[in-house]
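Asks: Could you work out the structure for the sequence below:
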Amino acid sequence: MAFTAPRTSTRPSSQRHPLVATAMVLPLAALLVVVFGGWDAVVTQASSVGVMLGR
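Replies: Next comes the predicted model:
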């Protein structure tokens, strides 16, 4: 392998805080629910997951 010069700049961590990721995804999810009218499907899936988790 060839010897290369060391990197001079450091990249920031590629991990995001979970709340930041949630804040990025929720507006798009809400838009898709409104556009495709999938609110009933979301409620059905959420209730199924709740039953599966025992709530």
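Asks: low pLDDT regions in this protein?
Replies: Residue ranges of the chain with pLDDT under 70: 1, 9-13, 55.
Asks: centre of the chain versus stretch 32-45, how much separation?
Replies: 17 Å (Cα atoms, centre = their mean, to the nearest Å).
Asks: The chain: helices as residue ranges?
Replies: 18-36, 39-53 (DSSP state H).
Asks: Dump the first one to PDB, restricted to CA.
Replies: Backbone C-alpha positions of helix 18-36 (Å, rounded to 0.1, in the frame of the first residue of the first chain) are rendered in PDB as follows:
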ATOM      1  CA  PRO A  18     -32.600  10.200  18.000                       C
ATOM      2  CA  LEU A  19     -34.800  13.300  18.600                       C
ATOM      3  CA  VAL A  20     -33.100  15.100  15.700                       C
ATOM      4  CA  ALA A  21     -33.800  12.100  13.400                       C
ATOM      5  CA  THR A  22     -37.400  12.100  14.600                       C
ATOM      6  CA  ALA A  23     -37.800  15.800  14.000                       C
ATOM      7  CA  MET A  24     -36.600  15.300  10.500                       C
ATOM      8  CA  VAL A  25     -38.900  12.300   9.700                       C
ATOM      9  CA  LEU A  26     -42.100  13.400  11.300                       C
ATOM     10  CA  PRO A  27     -43.000  16.300   8.800                       C
ATOM     11  CA  LEU A  28     -42.500  13.900   5.900                       C
ATOM     12  CA  ALA A  29     -44.500  11.200   7.500                       C
ATOM     13  CA  ALA A  30     -47.300  13.600   8.200                       C
ATOM     14  CA  LEU A  31     -47.300  14.800   4.600                       C
ATOM     15  CA  LEU A  32     -47.500  11.300   3.300                       C
ATOM     16  CA  VAL A  33     -50.400  10.500   5.600                       C
ATOM     17  CA  VAL A  34     -52.300  13.500   4.400                       C
ATOM     18  CA  VAL A  35     -51.500  13.000   0.700                       C
ATOM     19  CA  PHE A  36     -52.300   9.300   0.600                       C
END
